[in-house]
Structures are given as C-alpha cells and as structure tokens.
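[1] Let's see this in three dimensions:
(2 chains)
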Amino acid sequence: DGGITQSPKYLFRKEGQNVTLSCEQNLNHDAMYWYRQDPGQGLRLIYYSQIVNDFQKGDIAEGYSVSREKKESFPLTVTSAQKNPTAFYLCASSIERINTEAFFGQGTRLTVV
Amino acid sequence: AQSVTQPDIHITVSEGASLELRCNYSYGATPYLFWYVQSPGQGLQLLLKYFSGDTLVQGIKGFEAEFKRSQSSFNLRKPSVHWSDAAEYFCAVAGNSGNTPLVFGKGTRLSVIA
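    Numbering: from 1, shown residues only, chains lettered A, B, ... in the order given. Predicted structure coming up:
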C-alpha cells in the first residue's frame, strides 16, 4: 500500500542528545514537510522540501535540521539546540506544488527527559 | 502571509445533531482551503478541499463545507453527527500562487455525547 511511514511511533531521549526521526514515502510525491504539534497550538511548519537536495525553513526551524538526499526520504534531526523538543511530529507529502493537499504519516511522539 | 482562525477550541454535540465548525482565513486573493480530521495519536486525514468553482464542497464521511468570500470563511458542516466523528478538526489555507505550504489553524476538538 502507498503511504507515508514515520518511525518510530514513540521515541525517548535524554536531554542534550540529538535524535533523528524517520519519514519515508512511496507515493512518488515531490514535496515533503515536517510539522510539529503541541496541545492547543495546531500544526507548525518546521521544514519543507520541494525537490531532492533542496529544502526551506518553515516557521519554527531553529534547533532542527533536515536532509533530502532521496525523493522518498526526508529525515528530521532534533538537535540539542532545540529548547523544548518534547512534542508530536508529523511528516507529510504532496504530489507537486506545496500549496496542494498534503498526505500525512501517523506521527512520532518524542519525549525528552 | 495567509493565516487561519478557528474560533472554537472545543465543541460538544449530541449524537444525531447537526454540526458546524467555524474557520476564518486571511489571504489577499482567493485561497486554497482544506479541512482535515485527526483522531488521538494519529496523523491527519483530508476531509475536503476547495480550489475554485462551486463554493459548496462535498467531502468524505458526510461532511461538507461552504466557501464564503465575503465573510472570509470556510465552515465545515455535517447534518447528523455520529459518535465516531469525535476527533480534532483542522482548517488549513494555502495561497494560490503555489509557493507557500499549507498554514493550519489551531484546531477544534469535537466531543459527541449520547
């Protein structure tokens, strides 16, 4: 089945450690996104990528990094510079333009202790 | 830049009653508009979208939404709510120029009571 796979579903890390969240899609979509979700805050855009080897910062990119070496993959690294990394992270993709409907993965809940 | 306001944080309706979730957007031209639904701990599922044309849009699960340019609104409706509709609902907007991603509202949590 085509879709977006985020792994792991739950992730625990100690404060000060970098952690990488995986996002893979087999929909042949060009654009991919990372959103952060906090209770009562809706979804906030971290990074997005329209093509391989290119990506742009979203509204809350500080403390995060991404890469887009393959069309299918868009991993997100939460660095130790992120002040409050505990959150629910959602990866999404869209077929072409970035202003069209996005398809979402099931999310990764990151807890930093 | 575009923005979205969902005025209601939490709504409770009785099963079988009608539902309307409000969404107001800010954008200089005709936007692209979306409604998504999210069950707890899950990703988002697209309910419906509006790009152009007929301002009343039909979606999945019996939902519909109406684009009203004069009110900058895109309210979501359902004539009869089922208990399984309890979830969080997000409205999103994108510019029609193609160079900005979706911007989401903060969501409305729907509770359904018997």
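
[2] which stretches of the chain form strands?
    With no chain named, the answer covers chain A. A:4-7, A:10-13, A:19-25, A:31-38, A:42-51, A:54-57, A:64-66, A:76-78, A:87-94, A:103-104, A:108-112 (DSSP state E).

[3] Hmm, no, I was thinking of chain B.
    B:3-5, B:10-14, B:19-21, B:24-26, B:32-38, B:44-50, B:56-58, B:64-68, B:73-78, B:87-94, B:103-104, B:108-113.

[4] Could you save those strands as a markdown table and add columns showing mean neighbour count?
    From N, CA and C alone the C-beta is placed, and that goes for glycine too. Shown next, in a markdown table, are the strands of chain B (neighbours: other CB atoms under 10 Å in any protein chain shown):
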| stretch | mean neighbour count |
| --- | --- |
| strand B:3-5 | 16 |
| strand B:10-14 | 13 |
| strand B:19-21 | 18 |
| strand B:24-26 | 17 |
| strand B:32-38 | 24 |
| strand B:44-50 | 20 |
| strand B:56-58 | 14 |
| strand B:64-68 | 18 |
| strand B:73-78 | 20 |
| strand B:87-94 | 24 |
| strand B:103-104 | 24 |
| strand B:108-113 | 17 |
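
[5] out of those strands, nearest to A:Ser49?
    strand B:87-94 (16.3 Å; CB to CB).

[6] mean confidence score for the closest one?
    Strand B:87-94 shows a mean pLDDT of 96 in the predicted model.
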